[in-house]
Structure formats: structure tokens, C-alpha cells
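In: missing the sequence, but the structure's below:
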Ligand SMILES: [Zn+2]
């Protein structure tokens with residue numbers, strides 16, 4: 001079944017190529033169960049994997065409707081801004097940034113796709129930096145935390161009026177893969193960064209171990225909301241295409257929400273095959289048994305496997321930091337504190 005919305009197949013944002021070969025077919029929205037089947041295809045020129053064809057920008061709204069609103073919205077807001085795990089993830093992200101470009105009270109931080117502002121709150125409390133949060137979703141910004149302490153905006157990065165050099169750090173946490181023009185967004189980030197500033201991107205890792213095991217059932221695919229599916233190599237190419245001379249730090253993350261959750265998606269599909277378009281439900285006895293089984297597997301398999309995969313640099317999420325060269329430097333040379341990107 002093809003998607004019930006208009007589709008498009010734009011050229012590759014990294015290399016402008018138009019020759020693609022399919023890598024995963026019949027990929028569906030297994031989380032919100034919206035109708036439509038999609039193909040993930042790899043660019044011949046640079047290797048970047050894209051959802052192709054994909055819903056047009058106007059049609060994408062259909063796949064976001066009700067996904068982040070109502071009950072789901074309140075649960076997500078609590079997770080990101082109040083829960084211990086949500087704060088731990090935010091502190092981890094800040095820690096990666098601090099190793100490359102430590103923030104101070106004079107610095108300005110922009111979070112693109114900031115959602116309810118959970119990361120910005122943690123960064124502000126830890127460093128005293130000034131914060132700006134940008135999100136395309138009006139509802140998230142309306143409910144974002146600490147409205148008086150943060151400059152929240154609804155919109156897209158490429159439309160922001162700030163002058164060159166307006167921020168010391170710009171972050172994209174699980175947002176670049178949703179962006180129809182990810183290289184244009186990174187290019188704009190490069191322009192908005194002050195000399196020596198850092199850009200942090202966290203996205204799923206399409207090259208990860210569990211993705212290869214579960215294929216189209218791998219939870220972080222989140223198709224068609226995710227328009228691009230980066231490996232560490234293609235993420236580095238996207239940075240380079242946007243003007244960043246080098247990626248300073250890049251590795252996969254301990255992120256224990258992929259293996260067992262993907263198994264749950266696969267089991268739910270194989271054992272029950274809900275009709276397309278039916279809402280997610282965890283309220284039948286079948287669901288309860290499934291959930292208990294998955295919780296047990298979570299602690300026996302998922303958590304230890306994530307620790308191992310993190311060591312092997314093969315887990316399902318990755319984080320990368322790239323810097324804009326300092327103003328005093330000759331064009332083409334590397335800042336003194338930048339070595340080659342560590343492999344983990
Ligand atoms: Zn390409």
C-alpha cells in the first residue's frame with residue numbers, strides 16, 4: 001500500500017545525486033500505525049540513506065498529527081523535563097558538548113528542535129549560559145519550561161533573522177533526521193555560530209548492530225517522520241557539505257531503547273498484524289504478557305548489549321560535534337585543541 005499523501009523525491013542534500021538504490025522496502029509507521037509503505041534508499045554518490053519517495057513538506061503533517069499531542073504530549077513533556085532518565089540524557093548530551101566547547105555564563109546556546117526545553121533547562125542551570133529554543137511545533141513551545149528564562153521561538157532554522165556569529169553553540173538532538181533539508185540547516189548553523197563555536201548533532205545510527213538485526217522493525221527508523229537515516233560516515237559528510245572543516249568528536253551512545261523495543265514491534269506485527277491506521281494500544285491481556293516479557297528481556301539483554309555496543313561503537317544512536325574555526329586562524333588549518341575525530 002502506498003502512502004495516502006503526495007510524495008516527492010528530491011535530489012540528495014549532501015551530493016545532489018539523484019541515483020538511489022533501495023536498502024529497505026515496505027517500511028511502515030509501526031509506532032503510530034499511520035497508513036502507507038515506504039522505501040529507504042541509499043544515494044549512489046555519497047551513501048546517505050533517505051526515505052524516498054517521501055511525503056511532501058505539507059503532507060508530513062498527516063504523520064505528526066496526534067503523535068505528539070494529547071496524552072502522548074503530556075507523557076513526553078514529563079519524560080523530557082521532569083523524569084530522572086530525561087534529565088540524565090540531557091546531562092549526558094551537555095557533557096559531550098562540554099568536552100569540546102565548555103559553556104560559560106557569557107555564551108549563547110541555541111537548541112534546534114528544542115521540544116519542551118528540557119535540555120536547555122539543564123544546560124542553563126549547569127553553566128549559566130543564555131538559551132534560545134526553536135521548534136516547528138507551536139504546541140511544544142507553548143508548553144515549554146521556564147518561559148521567562150529562555151527565548152523560545154516557533155519556526156525553522158533557515159528563517160531565523162539572527163546575524164552571523166550569534167551563538168557559541170547550536171544543538172540538534174534527534175531533530176536533524178526530521179529536517180527536509182538537513183545540509184541547509186547545518187549550513188545556516190555554521191553561519192550563525194561565532195568563531196570557535198560548536199555544533200552538536202545527535203541522530204539514530206543506521207549503521208548500528210540492532211538495525212541490521214531488525215531491519216524494517218528497528219524502532220529508531222520512525223518512518224516516515226525520519227526523512228534521513230545517517231551512519232557515522234554520512235553524518236560526517238553532511239557536516240562537510242555544510243562547510244564545517246572537520247568533525248571534532250563523534251561516537252555512538254549508550255541509549256537503551258532500541259533492541260527490545262524493536263523486538264516488541266516485530267512481535268506485535270507478526271503475532272497480531274493490526275490493521276493499518278489502528279491506534280496503538282497496550283490494554284489487552286495479550287499486550288500485558290508481551291510487555292512483561294519485554295521488560296524482563298530489557299534488563300537481561302538490552303542494558304548489557306547497549307554497554308557492549310557502546311564499546312564497539314555500534315549502538316543505535318550517535319552524537320557528533322563539529323566546530324567552526326576560530327577567527328584568528330588561517331583558512332584550512334585546524335584549531336589547536338582539535339585532533340582527528342575519535343572512533344569512540
Ligand atoms: Zn548523495
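Out: Perfect, I can see it now. Only a predicted model underlies this, so the values are computations on that prediction, with no experimental measurement involved. Numbers count the residues shown, from 1 in each chain.

In: list the contacts for residue 254?
Out: When contacts are counted by Cβ atoms under 8 Å, 6 or more residues apart in numbering, residue 254 is found next to 306, 307, 310, 315. The way it works is simple: take the backbone N, C-alpha and C, and place the C-beta from them, glycine included.

In: can you tell me which of those residues are in strands?
Out: Counting by DSSP state E, no part of these is found in strands.

In: please identify which of these is nearest to residue 151.
Out: Distance ranking of the contacts of residue 254 against residue 151, using Cβ to Cβ, places residue 315 first at 33.6 Å.

In: can you pull the contacts of the closest residue in space to residue 174 that isn't next to it in sequence?
Out: With Cβ to Cβ, 6 or more residues apart in numbering as the measure, residue 202 is the residue that lies nearest to residue 174, at 6.0 Å, once sequence neighbours are left out. Residue 202 sits next to 93, 172, 173, 174, 253, 317, 318, 319, 320 when contact means Cβ under 8 Å, 6+ apart.

In: greatest separation within those: which pair is it?
Out: Using Cβ to Cβ, the contacts of residue 202 reach their maximum pairwise distance at 172 and 253, which is 14.3 Å.

In: between those two, which one's more packed in?
Out: Between residue 172 and residue 253, counting by other Cβ atoms under 10 Å, residue 172 is the more crowded of the two (25 against 20).

In: surely the more buried one and residue 188 touch.
Out: No: when contacts are counted by Cβ atoms under 8 Å, residue 172 is not listed as touching residue 188 (11.2 Å).

In: can you check which residues contact both of these two?
Out: If you check residue 172 and residue 188 against Cβ under 8 Å, 6+ apart, no residue is contacted by both.

In: what number of residues lie near the residue in the stretch 51-200 of the chain that the ion sits nearest to?
Out: Per Cβ to the ion, the residue of the stretch 51-200 of the chain with the smallest distance to the ion is residue 183, at 9.9 Å. Summarising burial for residue 183: neighbours were counted as other Cβ under 10 Å, giving 23.

In: confirm it sits in a helix?
Out: Yes: assigned with DSSP: H, G, I helix; E, B strand; the rest coil, residue 183 falls within a helix.

In: who are the contact partners of it?
Out: Contact partners of residue 183, counting by Cβ under 8 Å, 6+ apart, are 13, 14, 238, 241, 242.

In: of those residues - the most surrounded one?
Out: Of all those, the most densely surrounded is residue 238 (27 neighbours; neighbours counted as other Cβ under 10 Å).

In: does any part of whichever strand or helix holds it sit near the ion?
Out: Element membership of residue 238, judged by DSSP states H and E, is helix 232-241. No: for helix 232-241, no contact with the ion is found by Cβ under 5 Å from the ion; the gap never falls below 7.9 Å.

In: which parts of the protein are strands?
Out: All strands of the chain, identified by DSSP E, fall at 7-8, 20-27, 38-43, 49-51, 54-55, 108-112, 130-135, 151-154, 167-173, 193-204, 228-229, 247-252, 317-323.

In: contact partners of the helix holding residue 238?
Out: Helix 232-241 is touched from outside by 13-15, 46-49, 176, 182-183, 186, 199, 201, 203, 205-207, 230, 247, 250, 252, 313, 318, 320, 322, 341, with contacts defined as Cβ under 8 Å, 6+ apart.

In: redo that, cut-off 7 Å
Out: For helix 232-241, contacts defined as Cβ atoms under 7 Å, 6 or more residues apart in numbering pick out 14, 46-48, 182-183, 186, 201, 203, 205, 207, 247, 250, 318, 320, 322.

In: of the residues you listed - the most surrounded one?
Out: When neighbours are counted by other Cβ under 10 Å, residue 322 leads the contacts of helix 232-241 with 30 neighbours.

In: list the buried ones in the lowest-mean-pLDDT helix or strand in the chain?
Out: Across the helices and strands of the chain, mean pLDDT, DSSP states H and E gives its lowest value to helix 70-81, namely a mean of 80. Residues of helix 70-81 classed as buried: 73, 76, 77, 79, 80, 81 (neighbour count, 16 or more other Cβ atoms under 10 Å).

In: want to throw the residues you listed into JSON lines with distance to residue 267?
Out: JSON lines is the format used below for those (distance: Cβ to Cβ, whole Å):
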{"residue": "73", "distance to residue 267": "27"}
{"residue": "76", "distance to residue 267": "24"}
{"residue": "77", "distance to residue 267": "29"}
{"residue": "79", "distance to residue 267": "24"}
{"residue": "80", "distance to residue 267": "27"}
{"residue": "81", "distance to residue 267": "31"}
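
In: kindly reformat these as a markdown table containing distance to the ion.
Out: Rendered in a markdown table, the data for the buried residues of helix 70-81 read as follows (distance: Cβ to the ion, whole Å):
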| residue | distance to the ion |
| --- | --- |
| 73 | 35 |
| 76 | 33 |
| 77 | 36 |
| 79 | 35 |
| 80 | 33 |
| 81 | 37 |
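
In: low-confidence ranges in the protein?
Out: Counting by pLDDT under 70, the chain contains low-confidence residues at 1, 68-72, 272-283, 328-344.

In: select the longest helix from it.
Out: For the chain, the helix with the greatest residue count under DSSP state H is helix 84-100.
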